[in-house]
Structures are given as structure tokens and as C-alpha cells.
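Novice: Using only what follows, build the 3D model:
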Amino acid sequence: MAGGMAADGASVGTMTPWARIKAILGGSAGNLVEWYDWFAYTSTSLYFAKHFFPGEDPVGQQLQTAAIFGAGFIARPLGAWLMGIYADRGGRRAALTLSVALMSLGSFAIAILPVYAQIGVWAQLGLLAARLLQGLSLGGEYGASATYMSEMSGHKRRGFWSSFQYMTLVGGQLTALLVLVILQHTLSAEALNAWGWRIPFVIGGLLAIVVFWIRSGLEETKSYLAAEGEQERGSTMALFRDHPRETSAILALTAAGSLAFYAYTTYMQKFLVNTSGFTKDTATGIMAGVLILYMLVQPAMGWLSDHVGRKTTIAVGLGLGALATYPVMSAIAVADSPLAAFGLIMILVLCHSGYSAVNAAVKAELFPAHVRALGVALPYAIANAVFGGTAEYLAGWLKKIGSESVFYIYVAVVMGVAALVAARLRNTNKTSLILED
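Specialist: This next block holds a predicted model:
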């Protein structure tokens with residue numbers, strides 16, 4: 001709609017609360033489905049690993065599936081770069097629509113992929129290709145959705161509204177886990193191991209088609225429309241030339257945020273099975289409970305950031321996480337009670353929430369509109385690939401050589417460095433470059 005008009009006829013700058021809610025929900029629904037599709041791989045890998053990597057060593061099989069999981073991250077910087085440019089030049093809505101279409105293709109590909117016993121090494125290569133396609137999609141999704149939701153959030157409650165970006169990210173992971181829980185209770189173990197693991201990918205592909213339709217009807221943001229006359233929209237050279245400090249800050253913050261997220265959530269499910277000794281079903285149940293509370297706390301932390309400052313919540317959250325990671329993960333390793341494991345993991349994700357709830361808003365507020373989507377997406381995807389994408393593989397490798405506790409130290413150190421970077425950020429609550437409200 002021209003002129004930055006909302007669906008009810010009001011300009012984006014004077015959006016009614018209901019119009020703003022509709023825009024946020026429209027943007028976040030697709031984000032949830034994108035992340036569901038991404039995490040369906042990790043939630044079901046305990047079941048399909050042996051079909052693509054035959055052998056008798058379950059840790060080795062998980063290491064190989066983790067390597068392909070990490071390979072998906074290789075495509076994310078490329079997707080972030082291409083989709084960031086597209087979002088700054090062609091519009092946030094157009095980029096969001098394209099990203100979910102690519103994710104749908106990747107999910108359907110995994111759902112119908114023959115296994116190693118049928119086509120040999122081509123099954124492994126097919127799995128890799130599907131994950132690379134999903135990596136392209138997700139690399140573009142983060143920057144486009146973070147930018148869209150931050151621009152639609154309004155100045156006074158930007159922390160609160162933009163927190164739904166990460167809330168739906170966690171919601172996607174939670175949905176993937178809940179689908180697995182339902183399958184565990186409706187299918188026999190033999191059926192789940194044989195073919196049931198494909199069902200989450202079918203669901204993800206179908207949901208992505210629905211979201212494609214929803215996103216095609218989203219309103220464009222006023223910030224994008226106001227930047228239409230800029231000569232360097234989506235310019236990579238302009239990004240690194242004019243905003244090196246902001247780009248470096250996002251690299252550091254994302255390194256810690258992504259590493260901790262994958263350590264505390266996706267790897268934690270394997271950690272509970274392979275290190276703590278819980279059954280697969282118990283580990284899934286523990287993580288489902290953790291993710292529900294983790295998801296629900298995001299808006300509360302976003303609301304807090306609107307009052308105390310977003311840089312404050314990030315610095316404190318990462319700092320506390322740096323102090324807590326080693327002792328808490330050491331305790332989880334020897335936990336013999338599901339309730340104790342649940343409580344210990346909650347300590348970690350609550351610390352991480354100081355970063356997760358507000359990182360999208362802070363990153364978007366650091367850049368002017370003409371390079372905002374690219375500025376949010378590209379450094380995020382690079383750091384996410386290097387630190388988040390290697391987290392599971394590195395943790396598994398260190399466990400295999402008998403030095404698992406080194407991983408805890410690694411996570412703590414990276415978080416500590418990022419906490420110092422966050423403390424030196426400008427207060428974006430007062431200096432935001434998102435000028436349209």
C-alpha cells in the first residue's frame with residue numbers, strides 16, 4: 001500500500017495498537033514456521049542419523065549429522081547477504097516472502113529423500129543440499145524479520161514488540177519438539193525410527209506454503225518507503241565503509257548469543273541423553289518445558305528493556321551467562337533428576353534472555369534504513385555460522401576426546417567478551433536510527 005499506510009487507513013507512523021499487533025503477528029507467524037523447519041532437523045536427528053550414516057557408534061552418527069547441521073550455516077551468510085540487499089532494495093515484505101518459499105522447498109526435499117541403504121552416498125549429499133537451501137532461506141529470514149518487526153514496533157515499546165521475533169524463534173524450536181513428543185506417543189518406536197521422523201518435515205513444508213500466502217499480504221514498513229530515494233540502498237560497500245563499529249559490535253554480540261543459544265537448547269537435548277544419561281523421551285520432555293518458559297519470558301524481558309535500556313539487559317544477561325555456564329553445565333552433566341536438570345537449564349536460558357529478547361531491536365536501531373536489513377543480516381549470519389553452526393560439532397568432538405568441560409569454558413569466555421562489547425554500546429533507547437514511529 002502506497003505511502004506507508006496501514007490496513008485500517010492510518011499511516012504507519014500513527015498506527016493504532018490493533019494495527020500494530022496485526023503487523024507484528026503477521027511478521028512473526030512466518031518467523032515461527034521458518035525456525036520450526038530449521039529445528040525439525042535437530043529434534044529428529046536422534047532418529048534419522050542411522051539412516052544416512054550407518055554404523056554402530058551413536059555419538060559418531062550424531063557427530064556426522066551435526067556436521068551437516070553446521071554445513072547449513074555455511075549458506076546463511078550468503079543468504080543474508082543476498083536477501084539483505086533484496087530487503088533494502090525490493091522491500092522487507094518481498095524478502096520475507098521469498099525466504100519462506102525457499103524453506104518450504106528444503107523441508108519437502110528432506111521429507112521425501114531416500115536413505116543410505118537405497119542410494120548410498122547420494123542420500124548424504126541430498127541431505128546436505130537440502131540443508132544448504134534451508135540455510136539460504138534462514139540467512140535471509142533473520143535480517144528481514146528483525147528489521148520488519150523493529151520498524152513496525154514503535155519507539156516507546158520497541159523492546160516489547162520486537163521481542164516477539166525471538167519469541168517465535170524459540171516457538172519454532174518448541175513446536176518442532178512438541179511435534180516429536182506427539183509422534184513419540186502416537187507411533188511405535190519402530191515406526192518413528194523407520195519413517196515417522198519424516199512427518200515433521202512434511203508439516204513444515206505445508207505450513208511454509210500457508211505463511212507464503214500470509215506474507216504476500218503484509219504491509220510494507222514506513223522506514224523502507226522513506227528510504228526509497230537513497231542512492232546506496234543495500235550497498236555492501238556503504239555498510240562496511242560507513243558503519244564498521246556497528247558491524248563489529250553485531251559480530252561480537254551474535255557470536256555469544258548464537259553460541260549460547262545452541263549450547264543451551266539444541267545441543268542440550270543431546271547432552272541430556274549422551275552425558276547426563278536421560279532417555280530420549282525424558283530429554284525431549286525436559287527441553288519442551290524449558291522452551292515453553294523461555295519463549296514466554298521474552299516479552300517480559302523486552303518490556304523491561306524499554307524501561308532500563310536494551311544495552312543494559314544485553315550486557316547483564318551475557319555477563320551472568322558467562323559466570324553461570326561452567327558451574328551450571330557441570331551440574332547438569334551429573335544430574336539424576338529431570339526436575340533438577342530442568343531448573344538448571346532454566347538458569348542458563350533466563351540469563352540468555354537478556355540478549356535474546358532485544359537483540360533484533362538493538363541491531364536494527366544501529367543502522368539507517370537504506371542499509372538496515374543488510375546491516376542486521378550479514379554480520380549476524382557470519383558470526384552465527386562461525387560460532388552457532390559449529391557449537392554442536394565442537395561439543396560432540398570434545399566429548400569424544402574426553403574434554404567436554406572445555407566446551408563450557410569456551411561458551412563462558414565468548415559470552416564474557418560480548419558482555420563487555422554490549423556495555424560499550426550507545427543507548428539505542430535514546431539514539432535509535434529508526435526515525436519513523
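Novice: so is L425 in a helix, a strand, or just coil?
Specialist: coil (DSSP: H, G, I helix; E, B strand; the rest coil).
Novice: Longest helix in this protein, please.
Specialist: helix 17-52 (DSSP state H).
Novice: Quick one: mean pLDDT for that one?
Specialist: The average pLDDT within helix 17-52 is 81.
Novice: what comes up buried for it?
Specialist: Residues of helix 17-52 classed as buried by neighbour count (16 or more other Cβ atoms under 10 Å): 19-20, 22-24, 26-52. For glycine as for every other residue, the C-beta is placed from the backbone atoms N, C-alpha and C.
Novice: do the same with stretch 125-141
Specialist: For stretch 125-141, by 16+ other Cβ under 10 Å, it's 126-141.
Novice: which among the residues you listed gets closest to A324?
Specialist: The closest of those to A324 turns out to be L138 (Cβ to Cβ; 28.1 Å).
Novice: Check which helix or strand that closest one maps to.
Specialist: helix 121-153 (DSSP states H and E).
Novice: tell me the angle of that helix relative to helix 17-52?
Specialist: Relative orientation of helix 121-153 versus helix 17-52 (axes from the mean of the first three to the mean of the last three Cα atoms, to 10 degrees): 170 degrees.
Novice: From the contact counts, what lies against the very next helix or strand once past helix 121-153?
Specialist: Reading on from helix 121-153 to the C-terminus, the next helix or strand found by DSSP H and E is helix 158-186. In terms of contacts (3 or more Cβ pairs under 8 Å, 6 or more residues apart in numbering; DSSP states H and E), helix 158-186 is packed against helix 17-52, helix 121-153, helix 199-215, helix 280-308, helix 338-356, helix 359-365.
Novice: Downstream of the longest helix of the chain, the next helix or strand is which one?
Specialist: Using DSSP H and E, the helix or strand that follows helix 17-52 in sequence is helix 58-90.
Novice: Show the pLDDT at the closest residue in space to N429 that isn't next to it in sequence.
Specialist: Using Cβ to Cβ, 6 or more residues apart in numbering and skipping the chain neighbours, the partner closest in space to N429 is G309 (5.2 Å). G309 is assigned 92 on the pLDDT scale.
Novice: Tell me how many other residues crowd G309.
Specialist: By the criterion of other Cβ atoms under 10 Å, G309 has 19 neighbours.
Novice: measure L344 to Y294 for me?
Specialist: As judged by Cβ to Cβ, to the nearest Å, L344 and Y294 stand 13 Å apart.
Novice: Which one's more surrounded, the two?
Specialist: More neighbours surround Y294 than the other of L344 and Y294, with 27 against 19 (other Cβ under 10 Å).
Novice: Spit out the contact partners of I214.
Specialist: Residues near I214 by Cβ atoms under 8 Å, 6 or more residues apart in numbering: 26, 29-30.
Novice: And the average pLDDT for stretch 382-401 is what?
Specialist: 89.
Novice: Tell me which residues of it come out buried.
Specialist: 382-399.
Novice: Give me the subset of those lying in helices.
Specialist: Those of these lying in helices (DSSP H): 382-383, 391-399.
Novice: Just the pLDDT for D57.
Specialist: Reported pLDDT for D57: 68.
Novice: next one: S11
Specialist: Confidence score, pLDDT, at S11: 39.
Novice: just to revisit the earlier point, which elements pack onto the longest helix of the chain?
Specialist: Checking 3+ Cβ pairs under 8 Å, 6+ apart, helix 17-52 ends up next to helix 58-90, helix 92-112, helix 116-119, helix 121-153, helix 158-186, helix 189-194, helix 199-215, helix 267-274.
Novice: Make CSV from those and add distance to S223 to it.
Specialist: Output for the helices and strands packed on helix 17-52, formatted as CSV (distance: least, Cβ to Cβ, whole Å):
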stretch, distance to S223
helix 58-90, 10
helix 92-112, 9
helix 116-119, 48
helix 121-153, 4
helix 158-186, 12
helix 189-194, 46
helix 199-215, 18
helix 267-274, 36
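Novice: Could you point out which of these sits nearest A373?
Specialist: helix 58-90 (3.6 Å).
Novice: same for the closest one, what does it pack against?
Specialist: helix 17-52, helix 92-112, helix 121-153, helix 267-274, helix 372-383, helix 391-400.
Novice: For T266, find the nearest of the helices and strands packed on helix 158-186.
Specialist: Proximity to T266 (Cβ to Cβ) singles out helix 17-52 among the helices and strands packed on helix 158-186, at 4.6 Å.
Novice: thinking again about what came up before, for the helices and strands packed on helix 17-52, which one sits closest to A360?
Specialist: helix 121-153 (3.7 Å).
Novice: what's the angle from the closest one to helix 372-383?
Specialist: 140 degrees.
Novice: and the angle from helix 121-153 to helix 58-90?
Specialist: Going by the same axes, to 10 degrees, helix 121-153 makes 40 degrees with helix 58-90.
Novice: Just want the angle from helix 121-153 to helix 158-186.
Specialist: Using the same axes, to 10 degrees: helix 121-153 against helix 158-186 is 150 degrees.
Novice: by contact count, what packs against helix 121-153?
Specialist: Using 3+ Cβ pairs under 8 Å, 6+ apart: helix 121-153 touches helix 17-52, helix 58-90, helix 92-112, helix 116-119, helix 158-186, helix 222-226, helix 359-365, helix 372-383.
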